[in-house]
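Chemist: Just the structure for this:
(2 chains)
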Amino acid sequence: MDEAGEKMEAARPAPVLVRLPAHLVVLFPGADRLVPLHAASVAEMVEGLDALWPGMRERICDETPAIRRHINVFVDGRRARLATPLTPGADVFVITAISGG
Amino acid sequence: MARQVFVLVGTRKGAFVLESDAARRSWQLRGPFCETWPTNHVIADPLSGTLYAGGGNEWFGPAVWKSTDLGASWTHSSQGLAYEAGQAPVKAVWSLAAGADGTLYAGVEPAGLFRSTDGGESWSHVDGLQKHPSRPEWNPGGAGLILHSLVLDPSDPNKIWVGISAAGVFASEDGGATWEARNRGTRADFMPEGQNYPEFGQCVHCLVMAPGRRGRLYQQNHCGMYRSDDGGRSWESIEEGLPSSFGFPAAVHPHDPDGLYLIPLNGDIKGRFMPEGNAAVWRTRDAGASWQANRTGLPQGGAYFNVLRQAMATDTLEPAGVYFGSNAGGLYASADEGASWDCVAPHLPTITSVETLVLER
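Modeler: Numbering: from 1, shown residues only, chains lettered A, B, ... in the order given. Got it, this is the predicted structure:
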């Protein structure tokens, strides 16, 4: 990376850190449980995940569009919706509900 | 060249594959596949040998799984397998069918039809079915508003029949653009007196097409068993001689259009299990004029299981094999056209579907 690139990287906000459930990750060969992503909302985060592993959007969201009924997304400890904004460095948990099994 | 026979089993906890040679005396069981997702239907495209499994997971929604190596590895997709934004989301895939031209169809809950022309990689909504004028009046059956039966004409890709609970049988002759209800002659006993033969709203349980005789269909309905010789435009009851008018699956003989297998249960409000706890598969060789019970090798006494609507199939060998799976997880096989039976996998999860594939290798 040249000097200009280093400056841009330094200026870029910290990524959010997304934690994915094992039984979601297993559906996408090569996917990681812990994913740093640049996203300003939960919806953007889902798009980012789908760009990395095509098809992941449909597993997390339905066509309402909304987060699927038996999946919860928590941002910094609070339950979120697709429109929920993400601040740089936010901790995001994608969790499957116990009701789904 | 040796023949291999595969029995494809959908269960509430994933897909399984059983494999045997043409003698069908011993079976190897593989699975569970599809990450133990609830799997409603597993089929094979007989042309390519590709396996497809349709289901839906309460967490992750609907998907069609695909294996091009007879089950060793699987991928999944639901790209396009969705209604328009704002509609009730697709909950699960219920039925799959592969056409002679390679087109793949998926029936879903809430009732609708999707088509794939790229081997299940992506899907498009066959929205003509939603435009049928009866659509606002469709009511869900006990398992939901499901499109559970898919019949494709082997010689005309434009002809499609579907069974929807509890909306009835619908058919299209233009590739799914327009549809008409085809329920004349089938009863709706659950409707008020005098309204028992409506145009639609019947609770069809399973719809199948006879081989080699154009226009012949059979159906197991919530209210009776029926045969049609005119593509479903009219239906004739064939339930006389059977122990009840209620059951779920139907399977045609692979070579004889007059041959049909049914598994009547004791009744819709009596527990929905084998009559008197004695398991039997009933066979007709004369298109429903007469019936024979086949019990040899099946549990007699204490058999309080049922067989779900997609959980019986025949293979294409001579003599034909017949297979069914129970809600209690027992898979039964007959290598002599249903005359005698063996339990070849006693302890699977609840079995939702059984299909077969015969390969020459």
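
Chemist: okay, CA-based contacts and neighbour counts for the rest of this
Modeler: Fine.

Chemist: Helix, strand or coil: sort out residue A:18 for me.
Modeler: Secondary structure state of residue A:18, per DSSP: H, G, I helix; E, B strand; the rest coil, is strand.

Chemist: Contacts only, for it.
Modeler: Residue A:18 is in contact with A:33, A:34, A:35, A:36, A:37, A:91, A:92, A:93, A:94, counting by Cα atoms under 8 Å, 6 or more residues apart in numbering or on different chains.

Chemist: Pretty sure the fifth one sits against residue A:48.
Modeler: Yes: with contact defined as Cα atoms under 8 Å, residue A:37 reaches residue A:48; the gap is 6.9 Å.

Chemist: can you pick the most crowded of the contacts of residue A:18?
Modeler: residue A:92 (25 neighbours; other Cα atoms under 10 Å in any protein chain shown).

Chemist: In terms of helices and strands, where is that one?
Modeler: Secondary structure assignment for residue A:92, by DSSP states H and E: strand A:91-96.

Chemist: name the helices or strands packed onto that strand?
Modeler: With contacts defined as 3 or more Cα pairs under 8 Å, 6 or more residues apart in numbering or on different chains; DSSP states H and E, strand A:91-96 has these neighbours: strand A:16-19, strand A:71-75.

Chemist: Show the residue spans covered by the helices in chain A.
Modeler: Under the criterion DSSP state H, chain A contains helices at A:3-11, A:22-25, A:42-52, A:56-60.

Chemist: what sits against the residue nearest the centre of chain A?
Modeler: Nearest to the mean C-alpha position of chain A, counting by Cα atoms, centre = their mean, stands residue A:45 at 4.2 Å. Applying Cα under 8 Å, 6+ apart to residue A:45 gives the contacts A:37, A:38, A:39.

Chemist: so how far is residue A:94 from the first one?
Modeler: Right, the one you point to is residue A:37. Separation of residue A:37 from residue A:94 (Cα to Cα, to the nearest Å) stands at 14 Å.

Chemist: Could you do the second one as well?
Modeler: When distance is defined by Cα to Cα, residue A:38 is 16 Å away from residue A:94.

Chemist: Ok, the last one next?
Modeler: Distance of residue A:39 to residue A:94, computed by Cα to Cα: 15 Å.

Chemist: same thing with residue B:324?
Modeler: 39 Å.

Chemist: Residue A:53 too?
Modeler: Residue A:53 sits 15 Å away from residue A:94, going by Cα to Cα.

Chemist: Now render the helices and strands packed on strand A:91-96 as TSV, adding mean pLDDT.
Modeler: Putting these into TSV (pLDDT from 0 to 100) gives the following:
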stretch	mean pLDDT
strand A:16-19	98
strand A:71-75	97
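
Chemist: so which of those gets nearest residue B:25?
Modeler: Using Cα to Cα as the measure, strand A:71-75 is the one of the helices and strands packed on strand A:91-96 that comes nearest residue B:25, at 45.1 Å.

Chemist: Which other helices and strands does the closest one contact?
Modeler: Using 3+ Cα pairs under 8 Å, 6+ apart: strand A:71-75 touches strand A:78-80, strand A:91-96.

Chemist: I would like the residues contacting that strand, please.
Modeler: A:60, A:67, A:79-81, A:86, A:90-97, B:59-60.

Chemist: what distance separates it from the centre of its chain?
Modeler: Computed by Cα atoms, centre = their mean, to the nearest Å, the chain-centroid distance of strand A:71-75 equals 10 Å.

Chemist: go on, stretch B:42-59?
Modeler: On Cα atoms, centre = their mean, the centre of stretch B:42-59 falls 13 Å from that of its chain.

Chemist: what's the span of that stretch, first residue to last?
Modeler: 20 Å.

Chemist: and what of stretch B:197-215?
Modeler: Terminal-residue distance, stretch B:197-215 (Cα to Cα): 22 Å.

Chemist: List the buried residues for that stretch?
Modeler: Buried positions in stretch B:197-215, judged by neighbour count with 16 or more other Cα atoms under 10 Å in any protein chain shown: B:197-211.

Chemist: to the chain's geometric centre, what's the distance from it?
Modeler: 12 Å.
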